[in-house]
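Trainee: Got a predicted model here, sequence first, then my questions.
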Amino acid sequence: MNLDDLPELCSKAVKEVGIPDLLSLRSSTLGQDCRLSSAEVRQARQLLLTEAHRVLVPISAHSLQLESERADSSLAPLSLCCPALDALLSGGVPRRGLTELAGESGSGKTQLCLQLALEAARVTGQAAVYICTEDAFPVRRLEQMRRARRLPADVTDRILIEHVPDVEGLQACCERRVPQLAGRRPLCALIVDSVAAQFRCQYEQGEGGRRALDLQRLGAALRRLSRQHHLAVLCVNQVTAVVAPDGAEAGGGGGITPALGLAWSSQLTTRLTAARTGYSRADSVPPSRLMQLSVASAPHLAPDTVHFRVGPAGVEGVTVTEATPLVRLTD
């Protein structure tokens, strides 16, 4: 089927999202990605089906198998090169859709992001884009990890750093800057550390509606990048306390939930959470705080949790069972 032969409305939708998504995704989701109204999306879908029935011929099972193999190779998840974490994630961070990593400060979120960037650049030979919205990029820590992992020096040449100061800068980076980079060189991953920074402080009271629209716009841009360029998109999020109706924090003072609410969570494909524990394995010398990485929600993963710790080379999985001796940390 030649796109030039399709009606303009249908051709625009196909170029934006591709034929499979146009035929399968909800009209509201497609409208955000294509910048079309729901009615226009439905019209484009009907025009495509009409044209397909006119020109398409049956496809062989062998051709379908070849197409499936090509898709599988380009959409293989990006490994963290940590057996415990890769097993939890069924191979690594998926290269389709949005993956969120939420957690409190000091729970290892940035360490996981740095390790993904390093290993993705090493394994694929492609570039990883790292967008910083809070602090300066931790270049010394990245170099420490590279040396400890004995990776070649040129691997960090394939980690492209962007600093953005506000929501507008983040939108512009995802809608214009990253597509420009993808047009110049192959990309494998896009990491946003973090998506919550500006969205939690840049809006005044009563601007919840505008914030929700901006979050939906950002989510649509990130999904489009993932789909069009087969990127693993990992977004770091902060957490906020859950307040019970009586004013006390839920659960007696320990309840937390990822920030940004439903407007953001509805954009996600996979939600992971990281957490600090107050313990170290008794055989760790010196003591090393245990962290947890959990699958909160994902269409392809079962809810589960693994322990890890942070060292000079990055994160490494730690086996913890009921019989594992632990020591409580004082700080």
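Mentor: Yes, it's here.
Trainee: biggest helix in this structure, by residue count?
Mentor: Looking across the chain with DSSP state H, the single longest helix is helix 208-229.
Trainee: and that helix, C-alpha only, in CSV?
Mentor: Presented in CSV, the C-alpha positions along helix 208-229 are these (Å, rounded to 0.1, in the frame of the first residue of the first chain):
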residue,chain,number,x,y,z
GLY,A,208,-4.1,21.4,37.9
GLY,A,209,-5.9,21.2,34.6
ARG,A,210,-3.0,22.8,32.7
ARG,A,211,-0.5,20.6,34.4
ALA,A,212,-2.6,17.5,33.5
LEU,A,213,-2.6,18.6,29.8
ASP,A,214,1.1,19.2,29.8
LEU,A,215,1.7,15.7,31.4
GLN,A,216,-0.4,14.1,28.7
ARG,A,217,1.4,16.0,26.0
LEU,A,218,4.8,14.9,27.4
GLY,A,219,3.6,11.3,27.6
ALA,A,220,2.4,11.3,24.0
ALA,A,221,5.8,12.7,22.9
LEU,A,222,7.7,10.0,24.8
ARG,A,223,5.4,7.2,23.5
ARG,A,224,5.9,8.5,19.9
LEU,A,225,9.7,8.5,20.3
SER,A,226,9.6,4.9,21.7
ARG,A,227,7.4,3.7,18.9
GLN,A,228,9.1,5.4,16.0
HIS,A,229,12.7,4.8,17.0
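Trainee: so who does Val192 touch?
Mentor: 131, 133, 170, 174, 222, 233-236 (Cβ atoms under 8 Å, 6 or more residues apart in numbering). All C-beta spots, glycine's among them, are computed from the backbone N, C-alpha and C.
Trainee: ok now the longest helix of the chain, how far from the chain's centre?
Mentor: Distance of helix 208-229 from its chain centroid, counting by Cα atoms, centre = their mean, to the nearest Å, is 12 Å.
Trainee: quick one: buried residues of it?
Mentor: 211-212, 214-227, 229 (16 or more other Cβ atoms under 10 Å).
Trainee: related to what we said a few turns ago, looking at the contacts of Val192, which is nearest Pro299?
Mentor: The shortest distance between Pro299 and any of the contacts of Val192, using Cβ to Cβ, involves Val233 and amounts to 15.5 Å.
Trainee: pLDDT score for the closest one?
Mentor: Val233 carries a pLDDT value of 98.
Trainee: where's it relative to Ser79, distance?
Mentor: 16 Å (Cβ to Cβ, to the nearest Å).
Trainee: which one of the two has more residues nearby?
Mentor: Neighbour count, other Cβ atoms under 10 Å: between Val233 and Ser79, Val233 has more, with 30 against 20.
Trainee: low-scoring pLDDT stretches of this structure, where are they?
Mentor: Scanning the chain for pLDDT under 70 picks out 1-7, 9-36, 48, 51-74, 244-254.
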